[in-house]
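Student: have a look at this prediction, sequence included:
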Amino acid sequence: MMTSLFSVFDPSTSIISSSLSLNWSSMILGFLCIPLLFWFIPSRLSTIWIFINKTLHYEFKTLLGVDNKGTSSIFIPLFLFLLFNNFLGLFPYIFTSSSHLIMTLSLALPLWMSFMIFGWIKNTNHMFAHLMPQGTPPLLMPFMVCIESISNMIRPGTLAIRLAANMIAGHLLLTLLGSTGPSLSIIPTSFLIITQIALLLLESAVAIIQAYVFTILITLYASEVK
C-alpha cells in the first residue's frame, strides 16, 4: 500500500495488491471530469469547452499555416490529455504519470519520428535546407550540419525530460516541505501552510504551462516538415 506521498512516483505501488499495479490507470481519470450530460445538453461547461478548443485551434493554425488540413486535431487532444494528467498529479496519493519518462517519451518520440519520416520522404530538399542555416560560411558548413542534425535528434528527449522534470520537481518540493510540519510549532506551521498554498498555486500554473509548451514545441516541429 502507499505509505507516503513519494509512493505516487512508484509505478509498482498499488492500493489493492503488490502484484496488481493500477497506478497507470490514473491516466484515464481525466475522462471522469467530463460527465455524460456534457455530450447531450448544452451548458456553460460545453461553452467553455468549445471556447478552449477554438482558441487552441487558432493558436495551432497560426503555427502550422493556413493549409494544415486538420492537423490541429492531433495537438488539441494531446494538450488536454497532458493538462488532465498534470492536474491529477497535484492531488495527494494519485499517481503522477506525466512525471515519468516512459510516458512523456512515449508521447514525444512517435510524434517526432512520424514528422521526420513524413518530411524526409515527401519534402527531402526542404529537410536538407533546414540542416544549413542561411548565410553560413562555407568553412562552417560541415559543423553546422552536424550541430543541426544532433539538435534535431535530441528533440524528443528534451521534450520528455522537460515535462517530467518540471512535474516531479514541484511535487518533491511540496512533499519535503510538508514532511517538516509535524516537528514545527504553531507559528512556523502557519507560514509553512501559506508557503504550501503558494507552491500549489505555482504548480497549478506549471501544469498548464508545461502542457502548453510540450504541445507548442511539437507543433513547431510539425510545421518544419512542410
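Tutor: In hand now; what should we look at? Numbering: from 1, shown residues only.
Student: what average pLDDT does stretch 132-152 get?
Tutor: Rounded to a whole number, the mean pLDDT of stretch 132-152 is 80.
Student: for that stretch, which positions count as buried?
Tutor: Asn152 (16 or more other CB atoms under 10 Å). The C-beta positions use only the backbone N, C-alpha and C, and glycine is treated the same way.
Student: now stretch 206-219
Tutor: For stretch 206-219, by 16+ other CB under 10 Å, it's Val206, Ala207, Gln210, Ala211, Val213, Phe214, Thr215, Leu217, Ile218, Thr219.
Student: which other helices and strands contact the helix or strand bottoming out on mean pLDDT in the chain?
Tutor: Least confident helix or strand of the chain, by mean pLDDT, DSSP states H and E, is helix 124-130 with a mean of 77. Here helix 124-130 is seen to pack against helix 101-122 when contacts are counted using 3 or more CB pairs under 8 Å, 6 or more residues apart in numbering; DSSP states H and E.
Student: which stretches of the chain have low pLDDT?
Tutor: Low-confidence segments of the chain (pLDDT under 70): 1-10, 12-22, 33-41, 65-70, 226.
Student: all helices for it, in order.
Tutor: Under the criterion DSSP state H, the chain contains helices at 44-64, 72-88, 101-122, 124-130, 141-153, 155-179, 186-223.
Student: other SSEs contacting the last one?
Tutor: Applying 3+ CB pairs under 8 Å, 6+ apart, one finds that helix 186-223 makes contact with helix 44-64, helix 72-88, helix 101-122, helix 155-179.
Student: how about the ones you listed, which one is nearest Glu224?
Tutor: Of all the helices and strands packed on helix 186-223, helix 101-122 sits nearest to Glu224, with 7.3 Å by CB to CB.
Student: quick check: angle from that closest one to helix 186-223?
Tutor: Counting by axes from the mean of the first three to the mean of the last three CA atoms, to 10 degrees, helix 101-122 lies at 20 degrees to helix 186-223.
Student: buried residues, helix 101-122. List them.
Tutor: So, applying 16+ other CB under 10 Å, buried residues of helix 101-122: Met103, Thr104, Leu105, Leu107, Ala108, Leu111, Trp112, Phe115, Met116, Gly119.
Student: can you check stretch 180-193 too?
Tutor: Under 16+ other CB under 10 Å, stretch 180-193 has no buried positions.
Student: now do the same end-to-end measure for it.
Tutor: 11 Å (CA to CA, to the nearest Å).
Student: off-centre distance for that stretch?
Tutor: Distance of stretch 180-193 from the chain centroid (CA atoms, centre = their mean, to the nearest Å) equals 33 Å.
Student: hmm, back to that, of all the helices and strands packed on helix 186-223, which one is nearest Ser223?
Tutor: Across the helices and strands packed on helix 186-223, closest to Ser223 is helix 44-64 (CB to CB), at 5.2 Å.
Student: re the thing from before, same list (the helices and strands packed on helix 186-223) but as a markdown table, adding distance to Ser149.
Tutor: Converted to a markdown table, the helices and strands packed on helix 186-223 look like this (distance: least, CB to CB, whole Å):
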| stretch | distance to Ser149 |
| --- | --- |
| helix 44-64 | 23 |
| helix 72-88 | 25 |
| helix 101-122 | 11 |
| helix 155-179 | 11 |
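Student: deepest-packed of those helices, please.
Tutor: Highest mean neighbour count among those (mean count of other CB atoms under 10 Å): helix 72-88, with a mean of 20.
Student: for that one, output the C-alpha coordinates as CSV.
Tutor: Only the C-alpha atoms of helix 72-88 are listed here, as CSV (Å, rounded to 0.1, in the frame of the first residue of the first chain):
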residue,chain,number,x,y,z
SER,A,72,-4.6,20.8,-35.2
SER,A,73,-7.0,18.0,-34.3
ILE,A,74,-3.9,15.9,-33.3
PHE,A,75,-2.5,18.5,-30.9
ILE,A,76,-5.7,19.7,-29.1
PRO,A,77,-6.3,16.2,-27.6
LEU,A,78,-2.6,16.0,-26.7
PHE,A,79,-2.8,19.2,-24.8
LEU,A,80,-5.9,18.3,-23.0
PHE,A,81,-4.5,14.8,-22.1
LEU,A,82,-1.4,16.3,-20.6
LEU,A,83,-3.4,19.0,-18.8
PHE,A,84,-5.6,16.5,-17.2
ASN,A,85,-2.7,14.3,-16.1
ASN,A,86,-0.7,17.2,-14.8
PHE,A,87,-3.6,18.4,-12.7
LEU,A,88,-4.4,15.0,-11.4
